[in-house]
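Student: What would the 3D arrangement of this be:
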Amino acid sequence: MGRGRQKAKHTKIARELKYDVHSVNYGALERELGHPSDDAYVDKWADQYSDEYEDEKA
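Tutor: So this is what the prediction gives:
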């Protein structure tokens, strides 16, 4: 009895995902995925730990 109810729910969700028209904010998506060229990458963890191999080279 439970499997039929579960299958019906999954079928309903699959139909909603397949046929529902989602409104997409393409401007926000472009801002999120794009990376501006003037924004430099900063490694915030670079100075927190010392290198393991730094002592061996000296």
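
Student: Can you tell me the element A14 falls in?
Tutor: helix 2-19 (DSSP states H and E).

Student: Restrict that helix to CA atoms and write it as CSV.
Tutor: Taking C-alpha atoms only, helix 2-19 is exported to CSV below (Å, rounded to 0.1, in the frame of the first residue of the first chain):
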residue,chain,number,x,y,z
GLY,A,2,2.8,2.4,0.8
ARG,A,3,4.7,1.8,-2.4
GLY,A,4,1.8,2.9,-4.6
ARG,A,5,1.4,6.1,-2.7
GLN,A,6,5.2,6.7,-2.9
LYS,A,7,5.3,6.0,-6.7
ALA,A,8,2.3,8.4,-7.3
LYS,A,9,4.1,11.1,-5.4
HIS,A,10,7.3,10.6,-7.4
THR,A,11,5.3,10.6,-10.7
LYS,A,12,3.6,13.8,-9.7
ILE,A,13,7.0,15.5,-8.9
ALA,A,14,8.5,14.2,-12.1
ARG,A,15,5.6,15.6,-14.2
GLU,A,16,5.9,19.0,-12.4
LEU,A,17,9.6,19.2,-13.2
LYS,A,18,9.1,18.2,-16.8
TYR,A,19,6.2,20.4,-17.7
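
Student: which other helices and strands contact it?
Tutor: The helices and strands touching helix 2-19, judged by 3 or more CB pairs under 8 Å, 6 or more residues apart in numbering; DSSP states H and E, number zero. (Each C-beta comes from the backbone N, C-alpha and C, glycine too.)

Student: Show me the shaky parts of this structure.
Tutor: Applying pLDDT under 70 to the chain flags residues 1, 35-39, 50-58.

Student: Repeat the analysis, applying 90 as the threshold.
Tutor: By pLDDT under 90, the weakly predicted segments of the chain are 1-3, 16-58.

Student: Can you give me the buried ones in the helix holding A14?
Tutor: By neighbour count with 16 or more other CB atoms under 10 Å, helix 2-19 contains no buried residues.

Student: From R15, how far out is R5?
Tutor: As judged by CB to CB, to the nearest Å, R5 and R15 stand 16 Å apart.

Student: ditto for Q6
Tutor: 15 Å.

Student: Sweet, I'm off.
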